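S.K.: this one's sequence-less:
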DNA sequence: TTGCCATACATTGAACCACGAGGTATGATG
DNA sequence: CATCATACCTCGTGGTTCAATGTATGGCAA
């Protein structure tokens, strides 16, 4: 038989994708990102700080982000910016995501004459 | 502080969704489902048997599927059919999935004038 | 007739990611 | 002066998915 070959962790890294995309529009700090995601998705997606901070650190460590400290109103913030490598990574993740959702969408829409689940909800 | 409230396991259950959707078009057996998913998605999504069988058992246990044994060409197969409860479940999952991808899509498309990541790939 | 591969079922251990809870510290508000 | 919102961080847990492995049978070729 064909030697297994399934695609590993096929739908992870969405927080990473969202974070990179938000930062693409301008520098932000962690706490701000948490709220931005909640706000822009009408709370459909709400990642906690326990998700965001580790991702931020990992991305910086991987060279996809760079940070600078800044103190605003006595508050110390760490602003993150996307590097060139980060933009590439964003492109990759976005492409993967598009392929994945496309495939699922296609399956949902299917060819069945009966119920159809691929249409918009509202 | 605002009592946390993130949305738990926000993108799981995709295999379950696909399996239910496939079975909606007619009864199938496990091994067949594994290949159907790979075929219909052009191998973009490929779940292993180790994913499919447990899901099948769980769904049957939950009353969303019912099964019947059938021997074809000396091969013993277990065919699964969606129950009324399964159809409901499928509807729920599909709605969740639509909401989720919609939210992500919106964020990807964003308002940024620069790069846009929400468009189709090809 | 003896391997070998595809079919067809199933289980298991590890890996991974996201989650929630908790922890520190400061400024504003009452 | 106490409480809340800001702002950072880490750790343990839990749920899913993964690859690997196991069993058994049928078809096909050497």
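M.R.: Received it, and whenever you're ready, just let me know what you need. These numbers come from a predicted model, not from an experiment.

S.K.: for DNA strand C, what's its nearest residue on chain A.
M.R.: Closest contact between chain A and DNA strand C, by Cβ to the nearest atom of the strand, is at residue A:50 (2.1 Å). To be clear about C-beta, it is placed using only N, CA and C from the backbone, and glycine gets the same treatment.

S.K.: quick one, what contacts residue A:83?
M.R.: A:63, A:64, A:65, A:66 (Cβ atoms under 8 Å, 6 or more residues apart in numbering or on different chains).

S.K.: biggest helix in chain A, by residue count?
M.R.: Looking across chain A with DSSP state H, the single longest helix is helix A:84-109.

S.K.: packing partners for it?
M.R.: helix A:14-24, helix B:14-24, helix B:30-40, helix B:84-109 (3 or more Cβ pairs under 8 Å, 6 or more residues apart in numbering or on different chains; DSSP states H and E).

S.K.: is DNA strand D within reach of the helix or strand following the third one?
M.R.: Going back to what we said before, that points to helix B:30-40. The helix or strand immediately downstream of helix B:30-40 is helix B:49-61, counting by DSSP states H and E. Yes. Helix B:49-61 reaches DNA strand D (Cβ under 7 Å from any atom of the strand) through B:49, B:50, B:51, B:54, B:55.

S.K.: drop anything exposed from those.
M.R.: B:51, B:55 (16 or more other Cβ atoms under 10 Å in any protein chain shown).

S.K.: I'd like the residues of helix B:49-61 next to DNA strand D laid out as CSV, including pLDDT.
M.R.: Below are these laid out as CSV (pLDDT from 0 to 100):
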residue, pLDDT
B:49, 94
B:50, 93
B:51, 94
B:54, 95
B:55, 96
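
S.K.: quick one: residues contacting residue A:41.
M.R.: By Cβ under 8 Å, 6+ apart, residue A:41 lies in contact with B:103, B:104, B:106, B:107.

S.K.: circling back to that earlier point, tilt between the longest helix of chain A and helix B:30-40?
M.R.: Helix A:84-109 runs at 120 degrees relative to helix B:30-40, counting by axes from the mean of the first three to the mean of the last three Cα atoms, to 10 degrees.

S.K.: ok, the residue nearest the centre of chain A - contacts?
M.R.: Centroid check for chain A by Cα atoms, centre = their mean gives residue A:17 as the closest residue, at 2.1 Å. Under the criterion of Cβ under 8 Å, 6+ apart, the neighbours of residue A:17 are A:90, A:93, A:94, A:97, B:104, B:108.

S.K.: quick revisit: compare the contacts of residue A:41 and tell me which is most surrounded.
M.R.: Highest neighbour count within those, by other Cβ atoms under 10 Å in any protein chain shown: residue B:104, with 22 neighbours.
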